[in-house]
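*Asks:* Predicted model, plus sequence, below.
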Amino acid sequence: MSWKKDEDTDELGALMNLDHSMVLQEARVFNETPIRPRHSRLLLAKIIFLMYRGDTMPTTEATNLFFSITKLFQCKDMSLRQMVYLTIKELSTVSEDVIMVTSSLMKDMQPKSEITYRANAIRALCKILDPSMLPGIERFIKSAIVEKSPSIASAALVSSYHLFKDSKDVVRRWGNEVSEALNGKSLNQGTSFFGGSAAQNQVVSNSKIVQYHALGLMYAIRQHDRMAVLKMVQAFSSQGKTSSWISSSNAALRSDMAHVLLVRYAVRVMENDPSLLPQLYTLLEEWMGHRSDMVSIEAARAMCQLKEVTAKQLTPAVNVLQQALSASQKPTLRFAAIRTLNALARTHPEAVQPCNVDMEGLITDSNRSVATFAITTLLKTGNEASVDRLMKQMQGFMAEISDEFKIIVAEAVRSLCRKFPGKHSVFLGFLSGVLRDEGGFEFKRAAIEAIVDLAKHVPECKEAALAHLCEFIEDCEFTKLSVRVLHFLGEEGPLTARPTVYIRHIYNRVVLENAVVRAAAVSALAKFGSSPVADASLQRSVRVLLKRCLDDRDDEVRDRAAWALRMSGGSQTTRDKYVRDDSTFALAVLERKLVEYCADSSASAKGSFNFESIPRISRAQEEESRNRTRMENMDAVLTGTTLSAPSGSGRKTGGGESSAPGTPGMGSGTAASGFMDSFEQQAQYASKLNAIPELAAFGEQPLVSSAKAVELTESETEYVVHCIKHVYESHIVFQFDITNTIPEQVLAQVEVSMEPEEDIEGVLQPVVVVPIPELKCDEPGTAYVAFEHTDPDTFPAVSFACTLKFTVKECDPATGEPEEGDDGFEDEYSLEATDISAGDFMQATYIPDSQALWEALGTDGETIETFALANFDSIEECITKVSDLLGMCPLEGALKPKSKAAHQAVFTGRWLGRTRAVARTRMTYQKGTGVTMELAVRSEDHTVSELVVSAIA
């Protein structure tokens, strides 16, 4: 549409001050005869602007307005018709009976209609259409997909992509038409679906966007059929050339954007299959030589993101990126290349070093985003001598970049603090300077965490770092950051040579800040007074300040002050336990237990809430989890987010119910489960088990659940099975997550048969088998087998031979529905054996002050054993395996040996969630003889110590 500048400038400016009621009154013009196209078009623009601005519209008003707009279909003005389509799509979400406009839209979809009408009508109709009515317009959509006009074909393909979410079975039937559009058979030749010349009323374009949309829809249709996706990748990979491993194909991708999609799909389907990795490397190297910069950069980025790629395999990718840095005149290509190198420098800095000269030239790039990435990458790959110069250059343009890139800079400096501790003064000066500049919360938090990290790992600069933090909170506008700094001052301030310096800054917060900060300041003061190194004079001073806080106007501040005064009068042990103990509860479990306690009307009669049943985690564990999340977020910023197609169905349980799609921790192969906190995961397990009546009778929740799922099949087999174990007071439940990967089959009554390989009579007795009623292709389900633990004094170590049993029914791969009258046939599938060991009865729980517990337990409950573990080639590999076998919580540094020759580790846990146990290992490694390990376990029950040691034997 167009407006004349001299006539419409005032009207367009008035959009910013639109009144909702006035616009609705103006909408009466839609009912006038004759229709005024220009006036109506401008009014529709106002309505759309109101909706985009976030104005809410009642359903009645929206419905009346919607049907008023439909009268504009009588006008043939093309610009007006385009605005009508757009407004209908927006109003369809809040109006009622929008389906009444279907006939008008279907009339515009007819082959003899204008191209602009057809494309927009398809988009609008698919937006308002109910999934149950889709079969009625199926032939129109299928014919539009293979139309010559790119605008019509793209509209049909994109609409189909959105329809796939709610109508998978119907859209899957359009695979042949999508394949034609993908292969380009209908773009330049052929006749129309309705007969006659397809060129009638059409303008043939050389646009390649159709192939891009067709490839995306084809992947959405086939995404759960791994072999089909692999064949699609193979068909388009050789670009008309014969490859040593790919059969020649006449298909070719003319669209560079489609080729980028193909690279991503190839990585997604091949990177987890070791047998296909060499072929994937070959493919990526071929695509790096593609004529399009877009494709070559994407292939190089994909190579850099592979998990187990070597420096030799990275060389061609780095060469492509280096060429983009030096030869390209396009800022977008330089940005894409330097961002990829920045992410790669975190894991393979030596591979990026050949690009240092080129990156030096980008420091003065006019695009500050490129310059920021260049400097931060050089900081990761350079040497200590270049740090001063790079930091000075970076400080010069910090005010010119956005907060997003300031965070990247702060994270880069944070990583350098450990790499070059000798340059702590430079880093500290830079970070303290950026704290004084303007910036948002996330950027300031990143800078604060960098200073905290520097103070923790470089003792020489601790007091200087604390001084900068004290200066920061004097004029801090963010409450959360003030609380974070005050907590850190309370942890580290008492251990410095002059703690009174920091007390003054902390007490200033009590006088000047809001209630949240004042409460944090009181807690920090309490830690100064309870410190083991605090002298009597310091303790008296802190008590005086705390007494002043008793008159605070906020309840929380007064309560904390009273508590701190009470604790300051106790013994040092009491102060350490209640003031300086940095452990905390597992919040997911605590929340669920409290909800259950409050919901149970008889809970108060049974007794007070039992905090001993809640597992605890250390501050180090909490920070590790937080750092892991931070690194994941930073990876997303550095590498960009990957394309995701419409996801599949939810997981079916043995009870026939379906959980939400992608439920974390429940999937057998989901990426989310790898990042899920173990306590949150166990809380979700308990919720799922309680939903099954046969298992809910065993108890409110398992005492112990497996931290990791055990694979009972390979990931490439017809049926993928994972096993998770749950230990109750007197029962053991095996959870089997099962996925059927055969599109032509539906499995019924799926269950797992478990036969013990040793005699378990009198110890374990099978009691419950919960099958999966129906298991369709790529719809994961869960079956259960439960055993009763009849002898509570015996904890068996036994293996079970597992067999998957089911009834096979043939089905239509397009719909997934079994054929009528097919009773199927019984079949079975052998699985890997699963076992029960001592580690399955141990709950990995952090126990604060493990040293004091070790000494308190004494030698009465101690068991010591020495093991010669010749099969391990390193201490790191051995300690990881030992941690899995023990099932205990590794304390800080346990899984990260600092020496290759010797290592000590401490583990804590609770046997069946009750009996506390501490394990200590001492390891030595010699090449040729492997690892020699001494394992000492102390527990409140000597039998438990022996059982823990038996987990290794």
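*Replies:* Done, it's in.
*Asks:* what about residue 746, which SS state?
*Replies:* On the three-state scheme (DSSP: H, G, I helix; E, B strand; the rest coil), residue 746 is labelled strand.
*Asks:* Quick check: it vs residue 811, distance?
*Replies:* For residue 746, the distance to residue 811 equals 5 Å [Cβ to Cβ, to the nearest Å]. Heads up, the C-betas are built off the backbone N, CA and C, glycines and all.
*Asks:* Find residues that contact each of those two.
*Replies:* Common contact partners of residue 746 and residue 811 (Cβ atoms under 8 Å, 6 or more residues apart in numbering): 776, 817, 818.
*Asks:* hang on, residue 695 packs against residue 732?
*Replies:* No: using Cβ atoms under 8 Å, residue 695 makes no contact with residue 732, being 11.4 Å away.
*Asks:* hmm, back to that, need the shared contacts of residue 746 and residue 811 in TSV with pLDDT, secondary structure and distance to residue 52, can you?
*Replies:* Formatted as TSV, the shared contacts of residue 746 and residue 811 follow (pLDDT from 0 to 100; DSSP: H, G, I helix; E, B strand; the rest coil; distance: Cβ to Cβ, whole Å):
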residue	pLDDT	secondary structure	distance to residue 52
776	87	coil	40
817	77	coil	42
818	78	strand	47
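*Asks:* which of the residues you listed are buried?
*Replies:* Neighbour counting by 16 or more other Cβ atoms under 10 Å classes 776, 818 among the shared contacts of residue 746 and residue 811 as buried.
*Asks:* any idea which of the shared contacts of residue 746 and residue 811 is closest to residue 845?
*Replies:* In terms of Cβ to Cβ, no member of the shared contacts of residue 746 and residue 811 lies closer to residue 845 than residue 776, at 39.4 Å.
*Asks:* Now do the phi/psi pair for that closest one.
*Replies:* phi -90, psi 170 (degrees, to the nearest 10).
*Asks:* roughly how far apart are it and residue 739?
*Replies:* Applying Cβ to Cβ to residue 776 and residue 739 gives a distance of 10 Å.
*Asks:* And for residue 331?
*Replies:* 45 Å.
*Asks:* Settle it for me: which of the two has more neighbours?
*Replies:* residue 739 (23 against 13; other Cβ atoms under 10 Å).
*Asks:* mind checking how far that one is from residue 558?
*Replies:* 57 Å.
*Asks:* and if you look at residue 784?
*Replies:* 52 Å.
*Asks:* Same check on residue 874?
*Replies:* 55 Å.
*Asks:* Residue 389 too?
*Replies:* From residue 389 over to residue 558 (counting by Cβ to Cβ), the distance is 53 Å.
*Asks:* Among the two, which residue is more densely surrounded?
*Replies:* residue 558 (16 against 13).
*Asks:* which element is that one on?
*Replies:* helix 555-568 (DSSP states H and E).
*Asks:* buried ones in that helix?
*Replies:* 557, 558, 560, 561, 563, 564, 565, 567, 568.
*Asks:* Do I have it right that the second one meets residue 547?
*Replies:* No: assessed by Cβ under 8 Å, residue 558 is found out of contact with residue 547, at 11.1 Å.
*Asks:* where does the stretch 751-900 of the chain dip in pLDDT?
*Replies:* 814-816, 848 (pLDDT under 70).
*Asks:* ranges for the strands of it?
*Replies:* 764-770, 772-775, 781-789, 798-810, 825-830, 834-836, 842-843, 862-869, 889-890 (DSSP state E, counting those that start in this stretch).
*Asks:* Quick one: closest of these to residue 375.
*Replies:* Among these, if distance is taken as Cβ to Cβ, the winner is strand 889-890, at 37.0 Å.
*Asks:* partners of that closest one in the sheet?
*Replies:* When pairs are called by DSSP bridges, strand 889-890 turns out to pair with strand 902-911 (antiparallel).
*Asks:* Give me the contacts around the partner strand.
*Replies:* 615, 841-847, 850, 853, 875, 879, 882-883, 886-891, 893-895, 897, 916-925, 939, 941, 944, 947-948.
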